[in-house]
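1. This is a predicted model, with the sequence first.
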2 protein chains.
Amino acid sequence: MSYLEPGSGRPRGTLHQSVYDEVILGIQSGEWKRYEKLPSVRAMAERMQVNRLTVHKAYQRLAEEGIVQARYKSGYYVSSEPAPRPGSRFLDDPPWEYQAKPVRAPRSRLFEIHRKKVAYKMSEALIDPALLPNAFLSGHVKEVFDLHPKVLSTYSSVSGDEELREEMSRYFTEKYGLSLSADELLVTTGSQQAIDLISRSLVQAGDRVLIERPTYSPAIDVFLRQNVRLLPVEITPEGYDLDRIEYLMRTEKPQLFYMNPTFQNPTGYTVPASQRKQLLELAERYKCILVEDDVYRDIYFEDPPPPPLFYYDTEGYAIYICSFSKFVAPGLRISLLAARPALMDSIIAVKALADNGTPLLTQKIFQHYFFSARLQEHVAKLRIALELRKARMERILAGTGFRWASPGGGLNLWINLPEEVPVDLLLERCLEQSVAFVPGEICDPLGEMKSWIRLSYSYISEAEMEEGLRRLIAIAEEMKGGITFPRTDLN
Amino acid sequence: MSYLEPGSGRPRGTLHQSVYDEVILGIQSGEWKRYEKLPSVRAMAERMQVNRLTVHKAYQRLAEEGIVQARYKSGYYVSSEPAPRPGSRFLDDPPWEYQAKPVRAPRSRLFEIHRKKVAYKMSEALIDPALLPNAFLSGHVKEVFDLHPKVLSTYSSVSGDEELREEMSRYFTEKYGLSLSADELLVTTGSQQAIDLISRSLVQAGDRVLIERPTYSPAIDVFLRQNVRLLPVEITPEGYDLDRIEYLMRTEKPQLFYMNPTFQNPTGYTVPASQRKQLLELAERYKCILVEDDVYRDIYFEDPPPPPLFYYDTEGYAIYICSFSKFVAPGLRISLLAARPALMDSIIAVKALADNGTPLLTQKIFQHYFFSARLQEHVAKLRIALELRKARMERILAGTGFRWASPGGGLNLWINLPEEVPVDLLLERCLEQSVAFVPGEICDPLGEMKSWIRLSYSYISEAEMEEGLRRLIAIAEEMKGGITFPRTDLN
């Protein structure tokens, strides 16, 4: 067979080779698509009439070669981009159909749900445009052009506008006591790009990456594309299990830990200050980079959150991502990434290839708005508006049998549904009735958490929220039978 | 040795194994860095006291495993990100230093030169901001906010603003007769991002990619990051050697051909219409995707260029990239990518991960300006201004012994220097005197073309051009001795 060439030097015709070949052919024939789970060791052993150890060995080798991925507690999955194998069809003499077909890219399921047009969008962790100071912004932009007449004729540097990075480094230093120079800041097009640049510059195929469970689902897709092995770390209202994290860092030597420790998406949980300091100590001891995605910090309801992990960093193992534009002006898509020079050099080199720099105009508009007195008023008002919407959602959901930990900030409720409500069916029925939410399993690196959902209170008006929840609750009620819709809570 | 584990099943201790191991250790120890060339087969044979065939076999295997790259007519280079090998140190039990170190990313040498602050920048293939209608644009932007009050509060869809894509698809249809729907267009942040998205979604490690020689150097970096094998195709004032292209398509089965066939960067050459049609036939016969980077089309001096290759596409093997913002408003960074659905789906999926959509504001500003009558006047004026600068540069260079084919459009002269002028030394001396240009070898996928340079006439004023060229010529003159500086040409 053409994918077993002399020179690849593998034992031929052994049982474990035959299982190995079966999987390769299955992938090439499309029986198992990228990201699909392979049959369990047991099932494959039956199918091939060999013992399980043989299947295990074959799967191990496929994993070592990057063709499949072992996912913690879950099984073996076809890789996003199977690595070239000596003499395999992936490289040599491919059938036309294969060669001509583009590499499949992962399509975020979240992205799929967002594409659906619905009236009651509780799937969007975004700010309702009605809550943003549109009129003010328009006038404000005019000033930017008076200040920078050539802003539209000029490219930004790859790392971002110098003036903006200078001002932001001062801001971080004064507000959070971070010692940051402008050179340690990179302007990115949204925090999504920051995560993507980090994954492309700092990890490679086969690396281990710690990730929260549940987490921001596009981050799962970004890291899986790099063919890393994801190691989930549970996040609870109390934070992480640090013993487990130390165990994983010691035994698996992860390259980095992607985390969102403040008003986390989707849970809204916040990791306490005490753990933040310890996490840095662990990171330094085990040489694991902590990537702190901190885009919800300013959306707190009572108390401001503890300082960023970056604050405790001394050895350069922390990377900090913050995106204000989410609640300042989403149309600008301005985020900042802070990292020490050793890491920043690699990240900037990839940014140069990715888009050669974020548009200058959006940076300048952001800069002048962000440092205007008006912004602080706006954010203060926004907090109140969002807290009211959160409270409203919680009142409506009270007595439904849904369970959640009330978040101290952020844009979402992370809700545990009663056993009897199957989330997949609930989502299907809701979409039929123009109601959208995010099913928990999308946020789970293991693809489980099937009794959880994420409801965002940030994007829809209170009236839409009422009607959307009314429909959702009615459907859930019907499924489990029994609970009465708490009408009174609405008035 | 830990990188030779049982299970990887390779013959041990053979001569070819020993060469193989030598290279792996050399890479791990840093003796050969990423992108560095390995010793020639001959040199390695002497070093290891083995015959050349043995070295050849070892290099072959390293190439098959993606650890090194064979470059056409050049030799073997360490890959950007060596692929994981069964049991190799790249995956298992790495020494801390290795694990902790970020993956090296390629740093474009062009990017390095651009970072240097010089007074006479003939290295920038950009438009002089003084040639852009800044005042008009500022006023114009105000209208955008009146038309779209919530433009700053809203996210664009991943593929880009619907209205903009609708209008652009009509524009392409009317102007070039391309049959394009809005769904076949993707808005990207500059053409750099378009190229990066294509490389991430349509090729994988080990694929062959055809690329012009010389070419746009960041494209070389983008494709090398994907660990593809680059196959150079010479471009001349007459176009390509189609027989050679057919030979490469037939024997190497390239996944795609990245090309810039109109007023090419760096050469300014244009591929004739007759060849464009034939290229499509070849692409369809050999199932090779043609990626047409067409960002200079509107900068023509006498005759408009032949139609885009995309015009001849019937089977969906062409991808079209155009970026107007280069000469409309660089600060916007708006480009468009056209592809048929089969390819577009994969590209959009990566765009979602890369930045989840280009900022809406820049798209709306671009849309309203691009379709204003004012733009057409501007472009007409711009053509004249650039043609004058080109003529000026050519007059100053006349009689220096420099040789070039006068381009019919674009932003650069591609110049062949006299034998006696070593370009590396020339660049070094020029930078000392605050003059920058691009050395040809950067634009060569093979890293040769050492007697060529790219001079851009688009970015500097005529006065700067005069002084910059005066210095450059004086240095070159000194090096070769003899030619007298053609003073009279300046007046």
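-> Done, it's in.

2. Mind jotting down where the strands sit in chain A?
-> A:68-71, A:75-78, A:120-121, A:185-189, A:208-213, A:229-234, A:256-259, A:289-293, A:318-322, A:334-338, A:412-416, A:435-436, A:438-439, A:452-456 (DSSP state E).

3. Out of these, flag the one nearest residue B:429.
-> For residue B:429, the closest of the strands of chain A is strand A:185-189, at 33.4 Å, according to Cβ to Cβ. Glycine gets a C-beta too; all of them are placed from N, C-alpha and C.

4. Check which strands are paired with that closest one and give the direction for each one.
-> strand A:334-338 (antiparallel) (DSSP bridges).

5. mind listing what residue A:216 touches?
-> A:260, A:265, A:266, A:293, A:443 (Cβ atoms under 8 Å, 6 or more residues apart in numbering or on different chains).

6. what sits opposite the fourth one in the beta ladder?
-> It stands for residue A:293. Note on residue A:293: beta-bridge partners residue A:321, judged by DSSP bridges.

7. And it, how close does it get to chain B?
-> Using Cβ to the nearest Cβ, to the nearest Å, residue A:293 is found at 14 Å from chain B.

8. now the first one
-> Separation of residue A:260 from chain B (Cβ to the nearest Cβ) stands at 16 Å.

9. unless I'm mixing things up, residue A:473 is touching residue A:400, no?
-> Yes. The pair residue A:473 and residue A:400 passes the contact test of Cβ atoms under 8 Å, sitting 5.6 Å apart.

10. Compare the contacts of residue A:216 and tell me which has the most neighbours.
-> Per-residue neighbour counts (other Cβ atoms under 10 Å in any protein chain shown) across the contacts of residue A:216 peak at residue A:266, which has 30 neighbours.

11. Next, give phi and psi for it.
-> Note on residue A:266: backbone dihedrals following degrees, to the nearest 10 are phi -100, psi -10.

12. ok and the lengthiest helix in chain A relative to strand A:412-416, angle-wise?
-> Longest helix of chain A, by residue count under DSSP state H: helix A:373-397. Helix A:373-397 and strand A:412-416 meet at an angle of 20 degrees, taking axes from the mean of the first three to the mean of the last three Cα atoms, to 10 degrees as the criterion.

13. buried ones in helix A:373-397?
-> Residues of helix A:373-397 classed as buried by neighbour count (16 or more other Cβ atoms under 10 Å in any protein chain shown): A:375, A:378, A:382-383, A:386-387, A:389-390, A:392-394, A:396-397.

14. Remind me what it packs against, helices and strands.
-> Helices and strands touching helix A:373-397, by 3 or more Cβ pairs under 8 Å, 6 or more residues apart in numbering or on different chains; DSSP states H and E, are helix A:325-328, strand A:412-416, helix A:462-480.

15. Give the buried residues for the last one.
-> By neighbour count with 16+ other Cβ under 10 Å, helix A:462-480 contains the buried residues A:464-473, A:475-477.

16. For it, what does the pLDDT average out to?
-> Average pLDDT, helix A:462-480: 94.

17. what packs against it?
-> With contacts taken as 3+ Cβ pairs under 8 Å, 6+ apart, helix A:462-480 sits against strand A:120-121, helix A:373-397, helix A:423-432, strand A:435-436.

18. Please repeat the previous calculation with a cut-off of 10 Å.
-> Packing partners of helix A:462-480 (3 or more Cβ pairs under 10 Å, 6 or more residues apart in numbering or on different chains; DSSP states H and E): strand A:120-121, helix A:373-397, helix A:423-432, strand A:435-436, strand A:452-456.

19. want to try JSON lines for these, with mean pLDDT as columns?
-> Output for these, formatted as JSON lines (pLDDT from 0 to 100):
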{"stretch": "strand A:120-121", "mean pLDDT": "87"}
{"stretch": "helix A:373-397", "mean pLDDT": "92"}
{"stretch": "helix A:423-432", "mean pLDDT": "93"}
{"stretch": "strand A:435-436", "mean pLDDT": "94"}
{"stretch": "strand A:452-456", "mean pLDDT": "96"}
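
20. mind giving me the domain split of chain A?
-> According to automatic domain parsing, chain A comprises the domains A:3-90, A:112-131+A:379-480, A:134-374.

21. okay if I get those domains as CSV plus distance to residue B:279?
-> Shown next, in CSV, are these (distance: least, Cβ to Cβ, whole Å):
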stretch, distance to residue B:279
domain A:3-90, 27
domain A:112-131+A:379-480, 35
domain A:134-374, 26
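
22. quick one: which of those domains has the weakest pLDDT on average?
-> Sorting those by mean pLDDT places domain A:3-90 lowest, at a mean of 70.

23. chain center to it, what's the gap?
-> How far domain A:3-90 lies from its chain's middle: 29 Å, per Cα atoms, centre = their mean, to the nearest Å.

24. Deepest-packed of the domains of chain A, please.
-> Across those, averaging neighbours per residue (mean count of other Cβ atoms under 10 Å in any protein chain shown) puts domain A:134-374 on top, at a mean of 21.

25. Kindly check the end-to-end length of it for me.
-> End-to-end span of domain A:134-374 (Cα to Cα, to the nearest Å): 12 Å.

26. how much distance is there from it to the middle of the chain?
-> In terms of Cα atoms, centre = their mean, the centre of domain A:134-374 is found 12 Å from the chain centre.

27. now swap in stretch A:371-379 and tell me
-> 28 Å.

28. what does that stretch rub up against?
-> Contacts to stretch A:371-379, defined as Cβ atoms under 10 Å, 6 or more residues apart in numbering or on different chains, come from residues A:131-133, A:136-137, A:140, A:143, A:164, A:167-168, A:170-171, A:298-299, A:324, A:327-329, A:368-370.
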